[in-house]
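1. This is a predicted model, with the sequence first.
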Amino acid sequence: MKKIQFELVWNNIVKHQGEVFRTTDRNLEFTYEIVGDNFICSRTNWNITKNDFKKAYDLWPVNAVKEIKNIVMGPSYVLAVLKDQRIMF
């Protein structure tokens, strides 16, 4: 399977802001908004950057949070969004 370009993935992330997502590990519901290059999650007090998503995307496929937990901020949220069919079609 060929990966799509990261900018298309990021555009999908922007497009689906405000929608409900669930973490893959604990099934926690969350939403997010995009402000500039920052992903602001409803369940946290810190921002996840576009670059964090790019780092995880560059390692794709990623199957578990533990694979990216020391590489990106908010690995549970990054993984949940990237694994969602609305984002990575």
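-> Structure's in. What do you need?
2. wait, what's in contact with Val81?
-> Shown in contact with Val81 (C-beta atoms under 8 Å, 6 or more residues apart in numbering): Ile13, Phe21, Tyr32, Phe39, Phe53, Ile87. To be clear about C-beta, it is placed using only N, CA and C from the backbone, and glycine gets the same treatment.
3. Taking these together, which two end up most distant?
-> The most widely separated members of the contacts of Val81, counting by C-beta to C-beta, are Phe21 and Phe53 (13.2 Å).
4. of those two, who's got more company?
-> Neighbours per residue (other C-beta atoms under 10 Å) separate Phe21 from Phe53, with Phe53 holding more: 23 against 20.
5. Excluding sequence neighbours, find me the nearest residue to the more buried one.
-> Val78 (5.8 Å; C-beta to C-beta, 6 or more residues apart in numbering).
6. What of Arg26?
-> The shortest distance from Arg26 to any non-neighbouring residue, by C-beta to C-beta, 6+ apart, is to Ser76 (7.4 Å).
7. Just want to check the distance between the one you found and Trp10.
-> Ser76 sits 19 Å away from Trp10 when distances are taken as C-beta to C-beta, to the nearest Å.
8. Just to be sure, the residue nearest to Phe53 is in a helix?
-> Yes - assigned with DSSP: H, G, I helix; E, B strand; the rest coil, Val78 falls within a helix.
9. For it, give me its contacts.
-> Val78 touches Ile48, Asp52, Phe53, Ala56, Ile68, Val72, counting by C-beta under 8 Å, 6+ apart.
10. Could you give the number of residues near the fifth one?
-> Put plainly, it is Ile68. Residues near Ile68, counting by other C-beta under 10 Å: 20.
11. go on, the fourth one?
-> Other residues within reach of Ala56, judged by other C-beta under 10 Å, total 21.
12. Please verify my assumption that it contacts Ile71.
-> Yes - counting by C-beta atoms under 8 Å, Ala56 does reach Ile71; the two are 7.1 Å apart.
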